[in-house]
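**Q** 3D, please:
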Amino acid sequence: MEEIILSKTEALKFEDVEQINLESWQGNSISLQEKQILERYQNISYLSLSGCGLQDLENFPALSNLIKLNLKHNSIEKGLENLIVLKSLAHLNLSCNKIYSIETFRPLLALEDFSYLDIDGCPVTEIDDYREKIFELLPSLQAINLIDRSGNEWSFLYDEETDNQKKDAFNHRSYSYSYSDDDDYYDFIEENIIKVDFYEESDDENIFNRNLKDQNLLIEL
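**A** Residues are numbered from 1 along each chain as shown. Sure, this is the predicted structure:
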């Protein structure tokens, strides 16, 4: 990972990078050196390690402004206590991992802003009333697998002032997310800047990513 990141970020200022996509990287775990490299990018709000083959979360980087973390399609079974260093984390995608126990999520109690969890395709979803049990365990959680506490399809408006989120999280701008039935697809609206629909894992470079790349804000590996 370290060689890939360094080769892609050599000409960029660490503080100018807002999103990192490492979906092409493969590794069972994150090394101490890789942790230290990722921790240079303290302004990122989104990190994807989808489909990387991760089996544990040891040495996960402490990224104070990270709001959305994509860990789908890995082999993670436990170790979520390693994520409590992500003080601003609100969204966590753990779909298609090997999580069997509801107690696995208990460490997430430490995350004050944690509001959305995706565990679609995990064995834990075969437990009777798993959704209600996780909601009871995590009071701040607003929705699981696109369904809120009332059983309705979930959407939310992000606003730094009304939702008491970190004011620097998205460069003092407001964001709106709305989710379709396919969790890979969502609308991302940045107020007064761009309005585009995009696939997070599309093989084709999308308009949104091109916009960020033009601003040197996105690293896609």
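
**Q** ok, and for stretch 122-136, which residues are buried?
**A** Residues of stretch 122-136 classed as buried: 122, 124, 130-131, 134-135 (neighbour count, 16 or more other C-beta atoms under 10 Å). Bear in mind the C-beta positions are built from the backbone N, C-alpha and C, glycine included.

**Q** so where do the helices sit in this protein?
**A** 2-9, 32-38, 130-137, 207-214 (DSSP state H).

**Q** mind listing what's buried in the second one?
**A** The one in question is helix 32-38. 34-35, 37-38.

**Q** again with stretch 101-113
**A** Across stretch 101-113, burial judged by 16+ other C-beta under 10 Å covers 102, 104-105, 108, 111, 113.

**Q** got a markdown table for those, with distance to residue 88 too?
**A** Shown next, in a markdown table, are the buried residues of stretch 101-113 (distance: C-beta to C-beta, whole Å):
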| residue | distance to residue 88 |
| --- | --- |
| 102 | 24 |
| 104 | 22 |
| 105 | 18 |
| 108 | 13 |
| 111 | 8 |
| 113 | 6 |
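
**Q** one step back: confidence-wise, which of the helices of the chain is weakest overall?
**A** Ranked on mean pLDDT, the bottom entry among the helices of the chain is helix 207-214, at a mean of 46.

**Q** which residues does residue 85 contact?
**A** The contact partners of residue 85, taken as C-beta atoms under 8 Å, 6 or more residues apart in numbering, are 60-63.

**Q** Could you identify which of these has the most neighbours?
**A** residue 60 (26 neighbours; other C-beta atoms under 10 Å).

**Q** how far away is it from residue 135?
**A** 25 Å (C-beta to C-beta, to the nearest Å).

**Q** Same check on residue 74?
**A** 24 Å.

**Q** Name the helix or strand of this structure that has the lowest mean pLDDT.
**A** Lowest on mean pLDDT, DSSP states H and E among the helices and strands of the chain sits strand 194-199, with a mean of 30.

**Q** for the protein, what spans make up the strands?
**A** 19-21, 46-48, 68-70, 91-93, 116-118, 143-144, 147-148, 155-158, 175-179, 185-190, 194-199, 218-220 (DSSP state E).

**Q** in the second one, what's buried?
**A** Counting neighbours by 16+ other C-beta under 10 Å, one finds that the buried residues in strand 46-48 are 46-48.

**Q** these two touch, right, residue 131 and residue 147?
**A** Yes - between residue 131 and residue 147 there is a contact at 6.9 Å, judged by C-beta atoms under 8 Å.
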